[in-house]
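A.B. asks: everything below, folded, please.
(2 chains)
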Amino acid sequence: MEKPDISRKRLAEAIAFWIFRLLSLGVMGILFSILGFILYKGIHVVNWDFITKMPEDGMTKGGIYPAIIGTLCLISGSMLFAFPIGVMSGIYINEYTKDSWYRRFVQLMTANLAGIPSIVFGLFGMSLFVNKLGFGDSIIAGSLTLGLLALPVIIRTTEEALKSVDEGYRHASLALGATKLQTIRRVTLPVALPNIITGFILSIGRVSGETAPILFTVAAYFLPKLPSSMHDQVMALPYHLYVISTSGTNINESRGMAYGTAVVLILIVLILNLIANAVRRYLGKKYKTN
Amino acid sequence: MLSSIVTTLTVLLIIVFLFSEGLSVFKESPLEGDNIIVLNHHNTVSHITSSDIKDIFDQNITNWKSLGGSNDSIILFTFNDIGNYFSEEELGPEFEFLPAKMDSLLESENGMIAVFSSKYLIKNHKSKVIQADNITPYSFLTGKEWFPTANPAVQLGVLPLILGTLYVSFVAIIFALPVGLATAIYMAEVADEKTRRVFKPVIELLAGIPSVVYGFFGLIVIVPLIQSTFHLPVGETGLAGSIILGIMALPTIITVSEDALRNTPRSMKEASLALGATRWQTIVRIVIPYSYSGISAAAILGIGRAIGETMAVLMVTGNAAVIPHTLLEPVRTIPATIAAELGEAPANGIHYKALFALGCILFLITLTINLWVEFSSKKRRFGK
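C.D. replies: Below you'll find the predicted structure:
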């Protein structure tokens, strides 16, 4: 009686595990088919001209140079704003507050901010930066909106990074007579740096791909020239992909451009992910051995 | 340090701006511009809702009785048939006699109604001017028609949008939860360290792909596929949205439920195995029940992600603002509506404010989800 029961259990286990394995491979398959399809269809469009030329002929020919520049503007603008504030906030929460209702409240608010849909950020950015503060559709309005979106990511990674620093380092530094600020600057931050930088890079990835927040705060359908100041509109890669694949007069002719833009966006995310992993590994090793 | 309150401040600012714009939709007249409603002065009807106006113009309501007035059939005057009433000479070359003519016309029939700009109202008019009721929160939430630019009265019923959003999102989770959970179990309990090290970055990457790229992929691949499989006139359907949203929700579901599964104490698992249970039995009887709340948190967070997703949905669902009955119809979600229409809505008009009110609804839904997950995970931490 015992034996067939055990073998049946074994069989059930084997079947279940195989199903799991197949489903997991299916998830991998989905990712690789999306990436593979777009890369396969679009990689031949991407060449030096494509990334350095202006769009031509109603965006059916030429390149996506202004969209790349626009996205770079938005990345730098939003990070200039969000990174210092986010890191300071993370340091303050982790190093200066005790586990009190205050810390919990701030963490709850950060989590809430992270959960707000990006289109709501877009609405907010339009209402505050574009209309109330009178920035109009501009790089500064778009950057601030995107910065707010990236803020919770940066705060949380900073917190996590600092939390993973061994208490022994802090105690040792304080015991040597260093002040709290010195301890943070010379000991805690350097050790936590790889993870903070990883978070920074990943939030760049997030910012570069977001479309909804920039729809009404900065993005332009087509501009014949590059932005000259903070108050100009810009084209941006994700918005560019959206408009040339859904609207416009000649969707079919601009398909090639759409594939190319999608490839560039994917490559940006891919490269940023690789850099983030490399930084985590390289800098992580460096501080462990020192 | 001030910087720590920046997130709190942002959340508060978002609430203030979103709600001050959104709630003011209820103070707006649904009539376009400076239009007014003018009736015969015998008419006892004193107020009228925007959906009544629409029904009158669509001739679904033809008697004043159904609006609480006297038993007169409704005679609708529109400027299209002005030629039936007056000749050009009568109106004058600059339409300078129009106001007086309108007044006398309205007084000629008991059931007459006209909607026109207030500049055509004569000063000492005999006819009766009434107000259109403002949109009420109740009619906003339960109205079935979303025609924010309709003439003469806008129709702001968000029910089809809310139902469309929930419908697409829940179906997405029905796709994504079994697959995501299976992957999480595989990664947490079955796979060896090496496989895990391959899987982890792949899932991070899946989370990192911009939503507009998912939308593009859906538009190019999934939409035509659905169209040809089901022989539909258009492939932009709720199903396409659900599939894309399901894929996009996978990383959230996998990471959150994997964390939950991993938190099962080793001692419990080992006790089960020591009693002769197989690993599969241990997973089903011990690990999954133990991490149940974490798994449900994963599902809820996944739904939250799906509800708020804008661009991908906008690109593949076809955006028809009707209450969906099957998955093979076009549907329209709240975020997609905001994204598609805000650009064309004049600032501070009723349409603009209605879109902010939609933003408020979206904000409240996602905030509730976040708080729910946050507090249920706190309880878990302290409870055990």
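
A.B. asks: hey, let's count contacts and neighbours off CA atoms from now on
C.D. replies: OK.

A.B. asks: low-confidence ranges, the stretch 101-250 of chain A, go.
C.D. replies: Where the stretch 101-250 of chain A drops to pLDDT under 70, the residues are A:248-250.

A.B. asks: could you list the domains of the chain?
C.D. replies: Assuming you mean chain A. What the record gives for chain A is the domain set A:1-42, A:48-289, from automatic domain parsing.

A.B. asks: other chain: chain B
C.D. replies: Structural domains assigned to chain B are B:35-133, B:159-383, following automatic domain parsing.

A.B. asks: of these, which is nearest chain A?
C.D. replies: Closest to chain A of these is domain B:159-383 (C-alpha to the nearest C-alpha; 4.6 Å).

A.B. asks: with only the CA atoms kept, save stretch A:33-43 in PDB.
C.D. replies: Extracted in PDB, the C-alpha atoms of stretch A:33-43 (Å, rounded to 0.1, in the frame of the first residue of the first chain):
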ATOM      1  CA  SER A  33      10.400  37.500 -27.600                       C
ATOM      2  CA  ILE A  34       9.500  41.100 -26.900                       C
ATOM      3  CA  LEU A  35      13.200  42.200 -26.900                       C
ATOM      4  CA  GLY A  36      14.100  39.900 -29.800                       C
ATOM      5  CA  PHE A  37      11.200  41.000 -32.000                       C
ATOM      6  CA  ILE A  38      11.800  44.700 -31.600                       C
ATOM      7  CA  LEU A  39      15.600  44.400 -31.900                       C
ATOM      8  CA  TYR A  40      15.200  42.100 -34.900                       C
ATOM      9  CA  LYS A  41      12.800  44.500 -36.700                       C
ATOM     10  CA  GLY A  42      14.500  47.700 -35.700                       C
ATOM     11  CA  ILE A  43      18.200  47.200 -35.300                       C
END
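
A.B. asks: re the thing from before, I'd like the domains of chain B as CSV, with distance to chain A, mean neighbour count and mean pLDDT appended.
C.D. replies: Shown next, in CSV, are these (distance: least, C-alpha to the nearest C-alpha, whole Å; neighbours: other C-alpha atoms under 10 Å in any protein chain shown; pLDDT from 0 to 100):
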stretch, distance to chain A, mean neighbour count, mean pLDDT
domain B:35-133, 26, 16, 79
domain B:159-383, 5, 21, 88
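
A.B. asks: so for A:Leu133, which of those domains sits nearest?
C.D. replies: domain B:159-383 (14.4 Å; C-alpha to C-alpha).

A.B. asks: what residue is smack in the middle of the chain?
C.D. replies: As the question left the chain open, I've gone with chain A. Residue closest to the average C-alpha location in chain A (C-alpha atoms, centre = their mean): A:Arg206, at 2.0 Å.

A.B. asks: hmm, no, I was thinking of chain B.
C.D. replies: Residue closest to the average C-alpha location in chain B (C-alpha atoms, centre = their mean): B:Ile334, at 2.5 Å.

A.B. asks: show me what contacts that one?
C.D. replies: By C-alpha atoms under 8 Å, 6 or more residues apart in numbering or on different chains, the contact set of B:Ile334 is B:Leu161, B:Ile162, B:Gly164, B:Thr165, B:Leu358, B:Gly359, B:Leu362.
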